[in-house]
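Q: A structural model of the following input is requested.
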Amino acid sequence: MSGRAVFLDRDDTIIRDRHYLADPDGVELMPGAAEAVRLLNLHRIPAIVVTNQSGIARGLFSEHRLELIHLRLTELLAKHHAILDAIYYCPHHPQGSVERYSIACTCRKPEPGLLMKAAQDFGLDLAGCYMVGDKLEDMETIHRVRGKGVLIGEENTGETESGGPDHRAQNLFEAVQWILKDMKK
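A: This is a model prediction of the structure:
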């Protein structure tokens, strides 16, 4: 499986979306998320979070606060013997109120900057990678680098400029099961 990874959106994919989560105590794993990450670990496939965190640009929380949230996330996963290989985030938003983060960037999904940084850090072939997320922008992000996307959640329909998801699943665990089967093709 060398050169491959599974990119994971954070909110409503691994943890419940709390709308600009700023409190580490508010981190709640989605059902089956820890089991899904552990399954990737067992297959030695990097599990890499890529997440937009415009709350930083909007002045709602600091990067330090985000680090504490991600520390809590990794602690909760570790209780289930699940490990994230990396977490990449974009703190920017063009209409942010914090000047240094108020920019148009190449790391804010659907731009592929976070994926490209991970590819460099992990030696990945992005065309052989997958992304799981709850938004069409997640599908657009992975399609921009010729990878495959799995859209989770019942209410998600539609397509992006690059088309629809390669697969739909109810949750992260179901998505990872499909990815593992698809990787064997």
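
Q: What's the separation between E140 and R168?
A: From E140 over to R168 the distance is 15 Å, taken as CB to CB, to the nearest Å. No exception for glycine: its C-beta is placed from N, CA and C like everyone else's.

Q: Which helix runs longest in this structure?
A: If you go by DSSP state H, the chain has its longest helix at helix 63-78.

Q: circling back: E140 and R168: who's more crowded?
A: Using other CB atoms under 10 Å, the more surrounded residue of E140 and R168 is E140, with 21 against 17.

Q: Surely T51 forms part of a helix?
A: No: under DSSP: H, G, I helix; E, B strand; the rest coil, T51 sits outside any helix and is assigned strand.

Q: How about the contacts made by it?
A: D9, R10, D11, I87, Y88, Y89, C90 (CB atoms under 8 Å, 6 or more residues apart in numbering).

Q: Same check on Y130?
A: Contacts of Y130 (CB under 8 Å, 6+ apart): R4, A5, V6, F7, I142, G147, K148, G149, V150, I179, D182.

Q: most distant residue from the middle of the protein?
A: The outermost residue of the chain relative to its centre, with distances by CA atoms, centre = their mean, is E99 at 25.5 Å.

Q: got JSON lines for the contacts of T51, with distance to H64 too?
A: Output for these, formatted as JSON lines (distance: CB to CB, whole Å):
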{"residue": "D9", "distance to H64": "22"}
{"residue": "R10", "distance to H64": "17"}
{"residue": "D11", "distance to H64": "19"}
{"residue": "I87", "distance to H64": "14"}
{"residue": "Y88", "distance to H64": "17"}
{"residue": "Y89", "distance to H64": "13"}
{"residue": "C90", "distance to H64": "17"}
